[in-house]
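Chemist: Have a look at this prediction, sequence included:
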Amino acid sequence: MRIENVTLDSDNSYGDFDLSTTKLTVSKISDSDRIVATHSKRSGKWYWETYFSAADTRETRIYFGIIREGKMPIFSSMPLDDNVRMYYGGGTKIPEKTPYGSSIKVGDTIGIALDMDNYTLEFYKNGVYMGVSHTDLNYLGEVYPFYASTGAPTSYNLRITVNFGATPFKYPIPDGFEAYNIYYDNKALIFANNAYASISNAHYSRKEIKSISASSYLHSGYIPEYAFDGNINKEWISSTGDSNPWLSVELKNKQKVYSYFITPRQYLSSSPTTWTFEGSNDETAWTVLDRRDDVTWEISETREFVTENSGDYKYYRIIVEKTLGGSFGLAEFSLKYARTFLMGLDGSEESFIKYGIEDDTQINLNESISTVKHYNNKAEPLGSGKVFKHSIDTTKTPIKRLTIE
(Lines give C-alpha, C1' and ligand atoms only; values in the text may rest on other atoms or scores of the structure.)
Protein backbone atom coordinates (compact mmCIF):
# COMPACT_ATOMS: atom_id res chain seq x y z
CA MET A 1 0.00 0.00 0.00
CA ARG A 2 1.15 3.54 -0.74
CA ILE A 3 -0.29 7.04 -0.31
CA GLU A 4 -0.39 9.15 -3.47
CA ASN A 5 -0.55 12.93 -3.64
CA VAL A 6 -3.91 13.08 -5.42
CA THR A 7 -4.96 16.61 -6.41
CA LEU A 8 -6.94 18.33 -9.13
CA ASP A 9 -5.12 18.38 -12.46
CA SER A 10 -4.50 21.81 -13.99
CA ASP A 11 -3.28 20.10 -17.19
CA ASN A 12 -6.65 18.36 -17.54
CA SER A 13 -9.07 21.24 -17.17
CA TYR A 14 -11.00 23.94 -18.99
CA GLY A 15 -12.16 27.37 -17.87
CA ASP A 16 -11.06 30.60 -16.18
CA PHE A 17 -11.36 29.47 -12.56
CA ASP A 18 -8.63 29.86 -9.91
CA LEU A 19 -6.86 26.76 -8.57
CA SER A 20 -5.15 27.00 -5.18
CA THR A 21 -1.47 26.23 -4.63
CA THR A 22 -2.49 22.92 -3.01
CA LYS A 23 -4.51 22.15 -6.16
CA LEU A 24 -7.43 21.09 -3.99
CA THR A 25 -9.57 24.26 -3.97
CA VAL A 26 -11.25 25.69 -7.07
CA SER A 27 -12.68 29.20 -6.78
CA LYS A 28 -14.23 31.82 -9.07
CA ILE A 29 -16.00 29.01 -10.89
CA SER A 30 -17.89 30.22 -13.95
CA ASP A 31 -20.00 28.76 -16.75
CA SER A 32 -18.87 25.43 -18.29
CA ASP A 33 -15.70 24.92 -16.23
CA ARG A 34 -14.23 21.40 -16.18
CA ILE A 35 -11.46 19.71 -14.14
CA VAL A 36 -10.42 16.16 -13.24
CA ALA A 37 -8.17 14.62 -10.59
CA THR A 38 -4.59 13.56 -11.22
CA HIS A 39 -5.15 9.86 -10.48
CA SER A 40 -7.61 7.27 -11.77
CA LYS A 41 -9.15 4.02 -10.54
CA ARG A 42 -10.22 0.85 -12.34
CA SER A 43 -10.93 -1.41 -9.35
CA GLY A 44 -11.54 -1.17 -5.60
CA LYS A 45 -13.92 0.85 -3.39
CA TRP A 46 -12.94 4.49 -2.81
CA TYR A 47 -14.24 7.54 -0.97
CA TRP A 48 -13.55 11.28 -1.08
CA GLU A 49 -15.32 14.46 0.04
CA THR A 50 -16.05 17.85 -1.48
CA TYR A 51 -16.95 20.95 0.54
CA PHE A 52 -19.15 23.51 -1.26
CA SER A 53 -19.19 27.26 -0.64
CA ALA A 54 -20.22 30.38 -2.55
CA ALA A 55 -20.78 34.10 -2.15
CA ASP A 56 -24.46 33.61 -3.06
CA THR A 57 -26.46 31.05 -1.10
CA ARG A 58 -28.78 30.32 -4.06
CA GLU A 59 -26.10 28.76 -6.24
CA THR A 60 -26.02 24.98 -6.73
CA ARG A 61 -24.64 24.76 -10.27
CA ILE A 62 -21.89 22.26 -9.56
CA TYR A 63 -21.60 18.66 -10.80
CA PHE A 64 -19.77 15.99 -8.78
CA GLY A 65 -18.76 12.57 -10.11
CA ILE A 66 -16.49 10.66 -12.48
CA ILE A 67 -15.41 10.60 -16.13
CA ARG A 68 -13.94 7.77 -18.19
CA GLU A 69 -10.21 7.78 -18.98
CA GLY A 70 -10.90 7.74 -22.72
CA LYS A 71 -11.96 11.39 -22.59
CA MET A 72 -8.51 12.57 -21.48
CA PRO A 73 -7.22 15.18 -21.90
CA ILE A 74 -9.92 17.69 -21.03
CA PHE A 75 -9.72 20.44 -23.62
CA SER A 76 -13.10 22.19 -23.81
CA SER A 77 -16.50 22.64 -22.20
CA MET A 78 -17.24 19.07 -23.27
CA PRO A 79 -20.84 17.84 -22.96
CA LEU A 80 -21.89 15.90 -19.87
CA ASP A 81 -22.91 12.82 -21.83
CA ASP A 82 -22.55 9.03 -21.53
CA ASN A 83 -18.84 9.44 -20.68
CA VAL A 84 -19.71 10.74 -17.18
CA ARG A 85 -21.68 9.65 -14.12
CA MET A 86 -22.50 12.61 -11.88
CA TYR A 87 -24.70 14.20 -9.24
CA TYR A 88 -25.88 17.75 -9.94
CA GLY A 89 -26.24 20.04 -6.96
CA GLY A 90 -29.76 20.95 -7.98
CA GLY A 91 -30.95 17.41 -7.20
CA THR A 92 -30.57 15.37 -10.39
CA LYS A 93 -28.22 12.71 -11.74
CA ILE A 94 -26.29 12.95 -14.99
CA PRO A 95 -26.40 11.96 -17.85
CA GLU A 96 -29.96 10.74 -17.17
CA LYS A 97 -31.18 14.17 -15.99
CA THR A 98 -33.61 12.47 -13.61
CA PRO A 99 -34.27 13.35 -9.94
CA TYR A 100 -31.70 12.16 -7.42
CA GLY A 101 -30.88 13.15 -3.86
CA SER A 102 -31.60 16.71 -2.76
CA SER A 103 -30.28 20.18 -3.56
CA ILE A 104 -27.06 21.34 -1.95
CA LYS A 105 -26.49 24.64 -0.19
CA VAL A 106 -23.48 26.63 0.98
CA GLY A 107 -21.61 24.77 3.70
CA ASP A 108 -22.61 21.27 2.56
CA THR A 109 -20.07 18.46 2.26
CA ILE A 110 -20.67 15.91 -0.48
CA GLY A 111 -19.21 12.44 0.02
CA ILE A 112 -18.58 10.34 -3.10
CA ALA A 113 -18.36 6.54 -2.80
CA LEU A 114 -16.97 4.90 -5.93
CA ASP A 115 -17.27 1.09 -6.08
CA MET A 116 -15.33 -0.18 -9.10
CA ASP A 117 -15.72 -3.80 -7.97
CA ASN A 118 -19.52 -3.69 -8.19
CA TYR A 119 -19.66 -0.77 -10.67
CA THR A 120 -21.80 1.53 -8.52
CA LEU A 121 -21.65 5.19 -7.54
CA GLU A 122 -23.18 6.59 -4.32
CA PHE A 123 -23.36 10.03 -2.75
CA TYR A 124 -23.65 11.35 0.81
CA LYS A 125 -24.68 14.86 1.89
CA ASN A 126 -23.29 15.90 5.28
CA GLY A 127 -22.87 12.25 6.19
CA VAL A 128 -26.43 11.28 5.20
CA TYR A 129 -26.74 8.56 2.55
CA MET A 130 -28.56 9.69 -0.61
CA GLY A 131 -28.61 6.25 -2.29
CA VAL A 132 -27.04 4.66 -5.35
CA SER A 133 -27.01 7.01 -8.32
CA HIS A 134 -25.54 4.67 -10.95
CA THR A 135 -25.04 0.93 -11.40
CA ASP A 136 -23.41 0.79 -14.84
CA LEU A 137 -19.82 1.95 -14.29
CA ASN A 138 -18.56 -1.17 -16.10
CA TYR A 139 -19.27 0.68 -19.35
CA LEU A 140 -16.77 3.40 -18.44
CA GLY A 141 -13.65 1.34 -17.67
CA GLU A 142 -10.93 3.35 -15.92
CA VAL A 143 -12.31 6.56 -14.36
CA TYR A 144 -11.21 9.86 -12.79
CA PRO A 145 -12.95 12.12 -10.24
CA PHE A 146 -14.51 14.92 -12.28
CA TYR A 147 -16.07 18.31 -11.52
CA ALA A 148 -18.07 20.58 -13.82
CA SER A 149 -20.22 23.69 -13.71
CA THR A 150 -22.95 25.22 -15.83
CA GLY A 151 -24.38 28.72 -16.01
CA ALA A 152 -22.50 29.86 -12.91
CA PRO A 153 -21.96 33.65 -12.66
CA THR A 154 -18.38 34.50 -11.65
CA SER A 155 -19.72 37.17 -9.27
CA TYR A 156 -21.16 34.46 -6.97
CA ASN A 157 -17.65 33.05 -6.47
CA LEU A 158 -18.60 29.39 -6.35
CA ARG A 159 -15.92 27.41 -4.57
CA ILE A 160 -15.22 23.74 -3.91
CA THR A 161 -12.50 22.15 -1.77
CA VAL A 162 -11.73 18.48 -2.38
CA ASN A 163 -10.28 16.04 0.15
CA PHE A 164 -8.98 12.77 -1.33
CA GLY A 165 -7.70 11.60 2.07
CA ALA A 166 -4.66 13.79 2.77
CA THR A 167 -6.46 15.17 5.84
CA PRO A 168 -9.12 13.55 8.07
CA PHE A 169 -12.55 13.33 6.48
CA LYS A 170 -15.38 15.34 8.01
CA TYR A 171 -17.69 12.30 8.06
CA PRO A 172 -17.01 8.56 8.57
CA ILE A 173 -15.90 6.56 5.53
CA PRO A 174 -18.63 4.10 4.48
CA ASP A 175 -17.99 0.48 5.46
CA GLY A 176 -15.74 -1.34 3.00
CA PHE A 177 -14.41 1.83 1.36
CA GLU A 178 -10.97 3.44 1.63
CA ALA A 179 -9.61 6.95 1.08
CA TYR A 180 -9.17 7.69 -2.60
CA ASN A 181 -5.47 8.52 -2.23
CA ILE A 182 -4.60 4.96 -1.15
CA TYR A 183 -3.13 2.74 -3.87
CA TYR A 184 -2.34 -0.95 -4.01
CA ASP A 185 0.12 -2.06 -6.66
CA ASN A 186 -0.91 -5.07 -8.74
CA LYS A 187 2.26 -5.60 -10.72
CA ALA A 188 4.24 -8.54 -12.04
CA LEU A 189 7.85 -9.32 -12.91
CA ILE A 190 9.20 -11.96 -15.28
CA PHE A 191 11.09 -14.75 -13.48
CA ALA A 192 13.50 -16.96 -15.43
CA ASN A 193 16.91 -18.53 -14.73
CA ASN A 194 16.66 -17.51 -11.06
CA ALA A 195 16.42 -13.81 -11.91
CA TYR A 196 13.68 -11.20 -12.29
CA ALA A 197 13.16 -8.95 -15.32
CA SER A 198 10.59 -6.50 -16.71
CA ILE A 199 9.43 -5.05 -20.04
CA SER A 200 8.16 -1.50 -20.39
CA ASN A 201 4.72 -0.99 -21.86
CA ALA A 202 4.97 0.23 -25.44
CA HIS A 203 1.55 1.81 -25.91
CA TYR A 204 0.88 5.38 -24.88
CA SER A 205 -1.95 6.53 -22.63
CA ARG A 206 -3.93 9.67 -23.34
CA LYS A 207 -3.22 10.87 -19.82
CA GLU A 208 0.45 11.25 -20.82
CA ILE A 209 -0.51 13.98 -23.30
CA LYS A 210 -0.04 17.56 -22.13
CA SER A 211 -1.50 19.42 -25.11
CA ILE A 212 -2.74 18.94 -28.68
CA SER A 213 -2.56 21.46 -31.52
CA ALA A 214 -3.07 21.67 -35.28
CA SER A 215 -2.54 24.03 -38.16
CA SER A 216 -6.32 24.55 -38.38
CA TYR A 217 -9.70 22.89 -37.95
CA LEU A 218 -12.86 23.07 -40.03
CA HIS A 219 -15.16 24.11 -37.17
CA SER A 220 -15.90 23.25 -33.53
CA GLY A 221 -17.27 19.84 -34.51
CA TYR A 222 -13.88 18.76 -35.91
CA ILE A 223 -11.30 19.96 -33.38
CA PRO A 224 -7.80 18.34 -33.24
CA GLU A 225 -8.43 16.79 -29.81
CA TYR A 226 -10.89 14.40 -31.45
CA ALA A 227 -7.97 12.64 -33.16
CA PHE A 228 -6.82 11.44 -29.70
CA ASP A 229 -10.12 10.72 -27.92
CA GLY A 230 -10.37 6.99 -28.67
CA ASN A 231 -13.65 7.48 -30.55
CA ILE A 232 -13.52 6.92 -34.33
CA ASN A 233 -16.90 8.60 -34.71
CA LYS A 234 -15.41 11.98 -33.73
CA GLU A 235 -12.85 13.30 -36.20
CA TRP A 236 -10.42 16.13 -36.77
CA ILE A 237 -10.51 17.90 -40.16
CA SER A 238 -8.27 20.77 -41.24
CA SER A 239 -9.88 23.90 -42.64
CA THR A 240 -10.59 24.31 -46.32
CA GLY A 241 -7.62 25.95 -48.02
CA ASP A 242 -5.03 24.73 -45.49
CA SER A 243 -2.33 23.71 -47.99
CA ASN A 244 0.15 22.43 -45.39
CA PRO A 245 -1.93 20.85 -42.61
CA TRP A 246 -0.28 19.40 -39.51
CA LEU A 247 -1.31 17.75 -36.26
CA SER A 248 0.96 17.95 -33.19
CA VAL A 249 1.02 16.49 -29.69
CA GLU A 250 3.03 17.58 -26.65
CA LEU A 251 3.82 14.84 -24.13
CA LYS A 252 4.25 15.48 -20.40
CA ASN A 253 7.68 13.82 -20.56
CA LYS A 254 10.15 12.99 -23.32
CA GLN A 255 9.52 9.60 -24.94
CA LYS A 256 11.13 7.58 -27.71
CA VAL A 257 8.37 6.73 -30.18
CA TYR A 258 8.84 3.41 -31.96
CA SER A 259 5.82 3.70 -34.26
CA TYR A 260 2.55 5.57 -34.77
CA PHE A 261 -0.98 4.57 -35.80
CA ILE A 262 -3.35 6.30 -38.22
CA THR A 263 -7.08 5.64 -38.60
CA PRO A 264 -8.44 7.72 -41.53
CA ARG A 265 -11.91 9.17 -41.76
CA GLN A 266 -14.61 7.09 -43.41
CA TYR A 267 -14.55 9.62 -46.25
CA LEU A 268 -11.27 8.53 -47.82
CA SER A 269 -10.80 11.77 -49.75
CA SER A 270 -9.44 13.24 -46.49
CA SER A 271 -6.89 10.45 -46.05
CA PRO A 272 -3.19 11.37 -46.18
CA THR A 273 -1.13 9.87 -48.99
CA THR A 274 2.20 11.71 -48.60
CA TRP A 275 3.50 12.99 -45.25
CA THR A 276 6.36 13.25 -42.77
CA PHE A 277 6.34 12.29 -39.09
CA GLU A 278 8.67 14.46 -36.99
CA GLY A 279 9.97 14.93 -33.44
CA SER A 280 11.23 17.96 -31.53
CA ASN A 281 12.11 19.14 -28.02
CA ASP A 282 11.48 22.86 -28.57
CA GLU A 283 8.93 23.06 -31.44
CA THR A 284 11.57 24.91 -33.48
CA ALA A 285 14.10 22.30 -34.58
CA TRP A 286 12.27 19.28 -36.00
CA THR A 287 13.78 15.91 -36.95
CA VAL A 288 12.11 13.82 -39.65
CA LEU A 289 11.56 10.35 -38.18
CA ASP A 290 9.52 8.84 -41.00
CA ARG A 291 8.37 9.73 -44.51
CA ARG A 292 5.64 8.08 -46.57
CA ASP A 293 4.76 8.63 -50.22
CA ASP A 294 1.65 7.64 -52.21
CA VAL A 295 0.01 5.57 -49.47
CA THR A 296 -3.38 4.05 -50.26
CA TRP A 297 -6.17 3.37 -47.74
CA GLU A 298 -9.29 1.32 -47.15
CA ILE A 299 -12.36 2.38 -45.16
CA SER A 300 -12.07 1.89 -41.36
CA GLU A 301 -8.47 0.74 -41.67
CA THR A 302 -5.97 1.36 -38.84
CA ARG A 303 -2.34 1.10 -39.91
CA GLU A 304 0.93 1.15 -37.96
CA PHE A 305 4.02 2.96 -39.30
CA VAL A 306 7.43 2.17 -37.80
CA THR A 307 9.82 5.12 -37.43
CA GLU A 308 13.60 5.52 -37.66
CA ASN A 309 13.55 7.27 -34.28
CA SER A 310 16.77 7.14 -32.23
CA GLY A 311 15.99 9.95 -29.78
CA ASP A 312 13.60 10.97 -27.02
CA TYR A 313 11.28 13.85 -27.92
CA LYS A 314 8.57 15.80 -26.15
CA TYR A 315 6.76 16.97 -29.30
CA TYR A 316 5.62 14.86 -32.24
CA ARG A 317 3.74 15.94 -35.34
CA ILE A 318 2.54 14.73 -38.71
CA ILE A 319 2.76 17.15 -41.67
CA VAL A 320 0.70 16.22 -44.71
CA GLU A 321 1.82 17.14 -48.21
CA LYS A 322 -0.95 15.41 -50.15
CA THR A 323 -4.34 13.73 -49.59
CA LEU A 324 -6.66 11.75 -51.84
CA GLY A 325 -8.35 15.01 -52.76
CA GLY A 326 -10.05 16.69 -49.80
CA SER A 327 -9.06 18.56 -46.65
CA PHE A 328 -6.82 16.46 -44.39
CA GLY A 329 -8.63 14.68 -41.57
CA LEU A 330 -8.18 11.77 -39.16
CA ALA A 331 -10.45 9.64 -37.02
CA GLU A 332 -7.63 8.56 -34.69
CA PHE A 333 -3.89 9.14 -34.26
CA SER A 334 -1.77 7.43 -31.58
CA LEU A 335 1.82 6.62 -30.63
CA LYS A 336 3.76 3.55 -29.53
CA TYR A 337 6.82 4.03 -27.38
CA ALA A 338 10.08 2.12 -27.79
CA ARG A 339 10.29 -0.67 -25.23
CA THR A 340 13.02 -1.41 -22.70
CA PHE A 341 13.93 -4.85 -21.33
CA LEU A 342 15.21 -4.47 -17.77
CA MET A 343 17.34 -7.29 -16.37
CA GLY A 344 18.87 -8.07 -12.96
CA LEU A 345 15.93 -7.14 -10.71
CA ASP A 346 16.00 -8.68 -7.24
CA GLY A 347 12.31 -9.39 -6.62
CA SER A 348 12.06 -6.90 -3.76
CA GLU A 349 8.95 -4.81 -3.08
CA GLU A 350 10.80 -1.80 -4.47
CA SER A 351 11.45 -3.64 -7.74
CA PHE A 352 7.81 -4.69 -8.10
CA ILE A 353 6.51 -1.17 -7.39
CA LYS A 354 9.03 0.72 -9.50
CA TYR A 355 9.60 -1.67 -12.41
CA GLY A 356 6.70 -4.15 -12.33
CA ILE A 357 4.44 -4.72 -15.33
CA GLU A 358 0.91 -3.40 -14.83
CA ASP A 359 -1.66 -6.12 -14.33
CA ASP A 360 -3.59 -5.24 -17.52
CA THR A 361 -0.52 -5.14 -19.79
CA GLN A 362 -0.47 -7.39 -22.84
CA ILE A 363 3.05 -8.39 -23.88
CA ASN A 364 3.63 -9.10 -27.56
CA LEU A 365 6.85 -11.08 -27.82
CA ASN A 366 7.06 -10.27 -31.54
CA GLU A 367 7.50 -6.54 -30.86
CA SER A 368 11.01 -5.16 -31.00
CA ILE A 369 12.99 -4.35 -27.84
CA SER A 370 14.88 -1.10 -28.37
CA THR A 371 16.99 -1.03 -25.21
CA VAL A 372 18.33 -3.60 -22.75
CA LYS A 373 19.37 -2.37 -19.29
CA HIS A 374 20.82 -4.16 -16.28
CA TYR A 375 19.70 -3.10 -12.81
CA ASN A 376 21.69 -3.53 -9.61
CA ASN A 377 20.60 -2.04 -6.28
CA LYS A 378 23.40 -3.58 -4.22
CA ALA A 379 26.58 -1.65 -3.48
CA GLU A 380 29.74 -3.60 -4.27
CA PRO A 381 33.38 -2.52 -3.75
CA LEU A 382 35.16 -1.90 -7.02
CA GLY A 383 38.71 -2.51 -5.76
CA SER A 384 41.69 -0.82 -7.32
CA GLY A 385 40.22 -1.04 -10.82
CA LYS A 386 41.98 -1.16 -14.16
CA VAL A 387 42.77 1.33 -16.87
CA PHE A 388 42.21 0.36 -20.50
CA LYS A 389 43.77 2.28 -23.37
CA HIS A 390 43.07 1.96 -27.05
CA SER A 391 44.42 4.16 -29.82
CA ILE A 392 42.25 5.02 -32.81
CA ASP A 393 43.47 6.60 -36.03
CA THR A 394 40.59 9.03 -36.62
CA THR A 395 41.73 9.66 -40.19
CA LYS A 396 40.87 6.06 -40.99
CA THR A 397 38.06 5.48 -38.45
CA PRO A 398 36.04 8.65 -37.77
CA ILE A 399 34.38 8.75 -34.35
CA LYS A 400 30.68 9.64 -34.67
CA ARG A 401 29.56 8.86 -31.13
CA LEU A 402 31.16 7.61 -27.89
CA THR A 403 28.96 6.10 -25.18
CA ILE A 404 30.13 5.02 -21.72
CA GLU A 405 27.71 3.14 -19.47
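Modeler: Received, thanks.
Chemist: show me what contacts Tyr315?
Modeler: Ser248, Val249, Glu250, Leu251, Gly279, Ser280, Asn281, Asp282, Glu283 (CB atoms under 8 Å, 6 or more residues apart in numbering). Placement of C-beta: from N, CA and C, glycine included.
Chemist: helix, strand or coil for the last one?
Modeler: Which is Glu283. Taking DSSP: H, G, I helix; E, B strand; the rest coil as the rule, one finds Glu283 in the coil state.
Chemist: Skipping its backbone neighbours, what lies nearest it in space?
Modeler: Tyr315 (5.5 Å; CB to CB, 6 or more residues apart in numbering).
Chemist: For that neighbour, give me the pLDDT.
Modeler: Looking at Tyr315, its pLDDT reads 96.
Chemist: And the contacts of Tyr315, which is closest to Asp229?
Modeler: Among the contacts of Tyr315, Val249 lies closest to Asp229 (CB to CB), at 12.5 Å.
Chemist: For the closest one, grab the count of nearby residues.
Modeler: Counted with other CB atoms under 10 Å, the neighbours of Val249 add up to 26.
Chemist: From Lys125, how far off is the residue nearest to Ile94 when sequence neighbours are not counted?
Modeler: Of all residues not flanking Ile94 in the chain, Met86 sits nearest, at 4.1 Å (CB to CB, 6+ apart). Using CB to CB, to the nearest Å, Met86 is found at 15 Å from Lys125.
Chemist: Which of the two has more residues huddled nearby?
Modeler: Neighbours were tallied for Met86 and for Lys125 using other CB under 10 Å; the higher tally belongs to Met86 (25 against 20).
Chemist: now the more buried one, what's its secondary structure?
Modeler: Of the three states, Met86 takes strand under three-state DSSP.
Chemist: Let me see the contact set for it.
Modeler: Tyr63, Phe64, Gly65, Ile66, Leu80, Lys93, Ile94, Pro95, Phe146, Ala148.
Chemist: for Pro264, same thing?
Modeler: Pro264 neighbours (CB under 8 Å, 6+ apart): Ser270, Ser271, Pro272, Trp297, Glu301, Gly329, Leu330, Ala331.
Chemist: Phi, psi for the residue lying closest to Thr22 once chain neighbours are set aside please.
Modeler: Spatially, and ignoring its direct neighbours in sequence, Thr22 is nearest to Thr7 (7.0 Å; CB to CB, 6+ apart). Per-residue torsions, Thr7: phi -140, psi -180 (degrees, to the nearest 10).
Chemist: quick one: Thr7 and Thr21 touch, right?
Modeler: No - counting by CB atoms under 8 Å, Thr7 sits too far from Thr21 to count as a contact (10.3 Å).
Chemist: could you pull out the helices for the stretch 201-350 of the chain?
Modeler: Counting by DSSP state H, counting those that start in this stretch, the segments of the stretch 201-350 of the chain that form helices are 349-355.
Chemist: re earlier: of the contacts of Tyr315, buried ones?
Modeler: Ser248, Val249, Leu251, Gly279, Ser280 (16 or more other CB atoms under 10 Å).
Chemist: ok, those vs Arg291, which is closest?
Modeler: Gly279 (13.0 Å).
Chemist: Next up, the contacts around the closest one.
Modeler: Gly279 touches Val257, Trp286, Thr287, Leu289, Asn309, Gly311, Tyr313, Tyr315, Tyr316, counting by CB under 8 Å, 6+ apart.
Chemist: Look up how far Ala192 lies from Gly326.
Modeler: In terms of CB to CB, Gly326 sits 52 Å off from Ala192.
Chemist: Between these two, which is the more surrounded one?
Modeler: Neighbours around Gly326 and Ala192, counted as other CB under 10 Å, are more numerous at Gly326. The numbers are 15 against 7.
Chemist: I'd say the more buried one and Tyr267 touch.
Modeler: Yes - between Gly326 and Tyr267 a contact is recorded at 7.0 Å, counting by CB under 8 Å.
Chemist: Can you tell me the strand partners of the lowest-mean-pLDDT helix or strand in the chain and which way each runs?
Modeler: Taking mean pLDDT, DSSP states H and E as the measure, the helices and strands of the chain show their lowest mean at strand 371-374, namely a mean of 70. The pairing partners recorded for strand 371-374 under DSSP bridges are strand 340-345 (parallel).
Chemist: How far does stretch 235-251 stretch from one end to the other?
Modeler: One end of stretch 235-251 sits 21 Å from the other (CA to CA, to the nearest Å).
Chemist: Quick one: the strands in the stretch 251-400 of the chain, in order.
Modeler: Taking DSSP state E, counting those that start in this stretch as the criterion, the stretch 251-400 of the chain carries its strands at 257-264, 272-280, 287-292, 303-306, 313-323, 329-337, 340-345, 357-358, 371-374.
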